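Student: Test case, fold it:
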Amino acid sequence: QVQLVESGGGSVQTGGSLRLSCEFAAREFIVSSHGWYRQAPGQDRELVAGIAYGGHTNYADFAKGRFIISRDGAKKTVHLQMNDLRPSDTAVYYCNTIRWTINGWVPAGSWGQGTQVTVSS
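Tutor: You can find the predicted model right below:
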């Protein structure tokens, strides 16, 4: 059973924008927290942005001021609006449910296939 589906990736030039979407299947969507991660070649997967079930958002330093995470409860979808993209943003982007621990947000569900974002200079 597919738990989530990411979409919206693509190829853009520096300064361009993309809007990623992640549709969840879980009935518990509205009471869960969600996050977007990314993984560049040869790099560890890192948290880009998270949105708690209460609506509070947090961003990695590289995403602040450029990316916006949002959620549509009726559609069980989480979006990541990415503006002013840079070549360093090139990565596969993944979404997941997240949970808070003493070490910060950690992924709490199954990973999807991800969506590729490529930013050229």
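
Student: Looking at residue 53 now. What's its pLDDT?
Tutor: As predicted, residue 53 sits at a pLDDT of 89.

Student: tally of neighbours for residue 12?
Tutor: By other CB atoms under 10 Å, 17 other residues sit near residue 12. All C-beta atoms are positioned from the backbone trio N, CA, C, and that covers glycine.

Student: Which of the helices or strands spans it?
Tutor: For residue 12, the host element (DSSP states H and E) is strand 10-13.

Student: mind showing which ranges of the protein have poor pLDDT?
Tutor: Within the chain, the stretches with pLDDT under 70 are 1-2.

Student: got the CA coordinates for the longest strand along it in CSV?
Tutor: As assigned by DSSP state E, the longest strand anywhere in the chain is strand 91-101. Extracted in CSV, the C-alpha atoms of strand 91-101 (Å, rounded to 0.1, in the frame of the first residue of the first chain):
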residue,chain,number,x,y,z
ALA,A,91,18.9,16.8,-4.7
VAL,A,92,16.2,14.2,-4.5
TYR,A,93,13.4,15.6,-2.2
TYR,A,94,11.4,13.3,0.1
CYS,A,95,8.5,13.8,2.4
ASN,A,96,7.6,11.9,5.5
THR,A,97,5.8,12.1,8.7
ILE,A,98,8.0,13.3,11.5
ARG,A,99,8.1,13.2,15.3
TRP,A,100,9.8,15.3,17.9
THR,A,101,12.6,13.8,20.0
